[in-house]
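J.: Kindly return the folded structure for what I paste below:
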Amino acid sequence: GLADALRRRAADALGAYEAARSPLDRGPAPARVVPYGRVPFVPGAAIVVRRHLRFDETLEGGEDVEFAWRVPYVRYEPAAHVAHAHRTDPAKWFTRRVYYGRTAAGIAKRHPGKARPLNVSPWTTAAWVTLAAKRPPLALAIVGIATALAARQLEDAVPDPKRTAFDLVARGSWHSGRVVADALTRAWWPLSAAAALTLPRTRAPLAAALATKSPLQLADDLAYGIGLWQGCFQQRTLDPLLPAKAWTLDHSTL
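T.: The predicted structure follows:
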């Protein structure tokens with residue numbers, strides 16, 4: 001019947017979405033696992049550990065993320081492949097995404113400041129806020145000043161400080177737009193919805209953030225945000241809703 005056909009189409013769409021965007025797939029390149037890094041966590045389904053290390057059994061979810069942040073060193077190695085039966089029933093898929101969001105608060109209480117949604121510099125934040133306020137020249141000026149300051153800071157650290165500063169600040173600010181859009185539509189979507197209802201000037205930038213995502217991405221963000229706010233209420237913490245602390249240039253990583 002029609003209902004069965006719709007369920008099959010929904011299952012096929014979710015299967016394709018999970019194949020492309022599953023949070024369990026950490027990508028094709030190896031990396032050290034660190035908060036806010038290229039690989040911020042790894043699933044615990046296939047992990048080799050020393051015998052004395054244990055998951056935190058008091059957590060109600062997110063034990064693998066908390067474990068990777070607690071032990072001295074965890075490395076993601078994609079040479080091995082492990083199959084996973086993704087949830088393709090819409091209700092079960094949505095519920096699982098809510099669960100993922102709910103685990104963030106418990107993790108954040110053990111690792112304050114490590115599970116926050118907006119890990120960009122204050123210069124980048126200022127530039128995007130200014131651009132959202134329809135002041136492009138001022139936004140470019142902010143990025144230009146930040147690039148110049150970074151170049152001065154890098155003078156004795158790299159061979160070409162101006163080019164390096166441009167790559168870090170100017171290009172980084174542009175690519176950070178995706179991080180800002182994710183924060184607005186994922187962790188902060190209740191605040192974004194309230195702003196859109198009460199502040200007409202916020203509607204255009206919010207619409208732009210929404211336009212960057214597919215319907216399933218928006219459903220994913222909606223579910224995660226619901227769980228995130230539920231977890232914060234249950235754990236009585238706002239930590240995973242706050243912006244990440246501003247980063248500074250670390251010459252040792254260059």
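
J.: CA atoms for contacts and neighbours, from now on please.
T.: Fine.

J.: buried sites along stretch 116-126?
T.: 116-121, 123-125 (16 or more other C-alpha atoms under 10 Å).

J.: Around the residue nearest to Gly44 when sequence neighbours are not counted, how many other residues sit close by?
T.: Nearest residue to Gly44, sequence neighbours excluded (C-alpha to C-alpha, 6 or more residues apart in numbering): Asp64, at 5.0 Å. For Asp64, the count of nearby residues is 19 (other C-alpha atoms under 10 Å).

J.: Which elements pack onto the host helix or strand of Asp64?
T.: Element membership for Asp64 (DSSP states H and E) is helix 63-70. With contacts taken as 3 or more C-alpha pairs under 8 Å, 6 or more residues apart in numbering; DSSP states H and E, helix 63-70 sits against helix 90-110.

J.: avg pLDDT for the helix it packs on?
T.: Averaging pLDDT along helix 90-110 gives 95.

J.: Distance from that helix to the middle of the chain?
T.: 14 Å (C-alpha atoms, centre = their mean, to the nearest Å).

J.: what comes up buried for that helix?
T.: Residues of helix 90-110 classed as buried: 93-109 (neighbour count, 16+ other C-alpha under 10 Å).

J.: Tell me the helices and strands packed up against that helix.
T.: Where contact means 3+ C-alpha pairs under 8 Å, 6+ apart, helix 90-110 is packed against helix 2-21, helix 63-70, helix 215-235.

J.: tilt between it and helix 215-235?
T.: 50 degrees (axes from the mean of the first three to the mean of the last three C-alpha atoms, to 10 degrees).

J.: Contacts for the helix or strand of the chain with the lowest mean pLDDT next, please.
T.: When the helices and strands of the chain are scored by mean pLDDT, DSSP states H and E, helix 122-132 comes last with a mean of 81. Contact with helix 122-132 is made by 136, 138-140, 142-143, 146, 169, 173, 176-177, 202, 204-205, 246, as judged by C-alpha atoms under 8 Å, 6 or more residues apart in numbering.
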